[in-house]
Structures are given as structure tokens and as C-alpha cells.
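Visitor: model this:
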Amino acid sequence: LLMPQARPKKTLEFLFDVGSPTTYLAHKRLPDLIARTGADVVYVPVLLGGIFKATGNASPVMVPAKGVYMGADMARFAKKFGVSLNMNPYFPINTITLMRMAAGMVGEEAFPRLDDALFDAMWKGCKNMGDPEVLASVLAGAGFDPAVLLALAETAEAKDRLKTNTESAVARGAFGAPTFFVDDEMF
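Guide: Now for the predicted structure:
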């Protein structure tokens, strides 16, 4: 009897910016995907505004018909998968500080907690994450020292990692977020 060959474990690169509601929806679906496929997920913080600028793309909300459709489509997706999604009244928010924090923390044990806190504050709690006091409150509520993460966001390493990730995303063909790569195939 021939035994079926085990398929090699796949790695999914998840290029994300917490300022994107569609990326939030994808983030909420990743645990199920991991459980179902056994894939390893590599979180890659990028700056969506930088990707848009480099590719000439723009937020769907900048195109009225596209924005209306996208809102309805996201609501359908959220309902289907039981994800709480609230459109943030402060959207769009400049996420450079948030994404520098993520770039500085990615790979650390506490990264998932930070990522969840930032995404949930934006798209579940509708917080103005561009307000330093609100950001500090969200970070403290998630068990972080806001001063430490704000200092991390200002380090050359975090800034360089975010910039490099963003430039690499564009070079690989990304034009928005979320973007996924499995091997060299983009989704």
C-alpha cells in the first residue's frame, strides 16, 4: 500500500497595515487559515500610503462608487465570518507610528498582542489612533508601556525595516493591502 506523500508546509507572508479595514478582516481570518492548513504566517508590516504613492494607487474610498461597493462587500464578509467590523469615523489615519511599532516588534513574543490591540482599536473600537493620548491608552490597556513602544517607533531599525518592507512589497508587485505571498505567488 502506498502512503500519500506529505505536502510540504507552506509559508504565507502577510503584508499588512493596521489602517486598512480589508487587512483587518484578513487578519481576523488568519487563525482559521493556520488551523486548517498548518501554514506558517510571516507578518510583514508595510506602509500602505507608501505603497499607494509608489504605485499610483489610491484608497478605494477616494473613488465614490468603489467606496460604496467596498463598504457593502466588507460588511458581507464580516457577517459571513462573524467578525466585528466598525468603520472608524477618523479614517483615514496616518499609521506611520503604528506601523513602525509593528516593524520594531515583529518576531517578538508580544507582537501578536500588539497587532491585535492596534487592529481592534482601529476597526472594532473605532479609536482615533492618530491621537497620541488615545494611542497611549490603547497600548497601556494591552499591557504595554506606551513610552517604550513610542521610543521603539523612533529607532533607526524600526524605521528602516518598515521602509525596506514597503519598498520590497512594491518591487514584488504589491499595490495595496492586504497582500499575501505564498512562495513567489502574490494574492
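
Visitor: tell me which residues of the one helix or strand Ala147 maps to are tucked away?
Guide: Assigning secondary structure by DSSP states H and E places Ala147 in helix 146-153. If you call a residue buried by 16 or more other CB atoms under 10 Å, then helix 146-153 has these buried ones: 146, 149-150, 152-153. To be clear about C-beta, it is placed using only N, CA and C from the backbone, and glycine gets the same treatment.

Visitor: Please apply the same query to stretch 95-108.
Guide: 95-106.

Visitor: Convert the C-alpha atoms of that stretch to CSV, please.
Guide: Below are the C-alpha coordinates for stretch 95-108, written out as CSV (Å, rounded to 0.1, in the frame of the first residue of the first chain):
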residue,chain,number,x,y,z
THR,A,95,-0.4,54.9,10.6
ILE,A,96,3.4,55.5,10.3
THR,A,97,4.0,55.4,14.1
LEU,A,98,1.8,52.3,14.5
MET,A,99,3.5,50.5,11.7
ARG,A,100,7.0,51.5,12.9
MET,A,101,6.0,49.9,16.3
ALA,A,102,4.8,46.8,14.4
ALA,A,103,8.1,46.7,12.4
GLY,A,104,10.1,47.0,15.6
MET,A,105,8.1,44.3,17.4
VAL,A,106,7.5,41.8,14.6
GLY,A,107,9.1,38.5,15.6
GLU,A,108,8.9,39.2,19.3
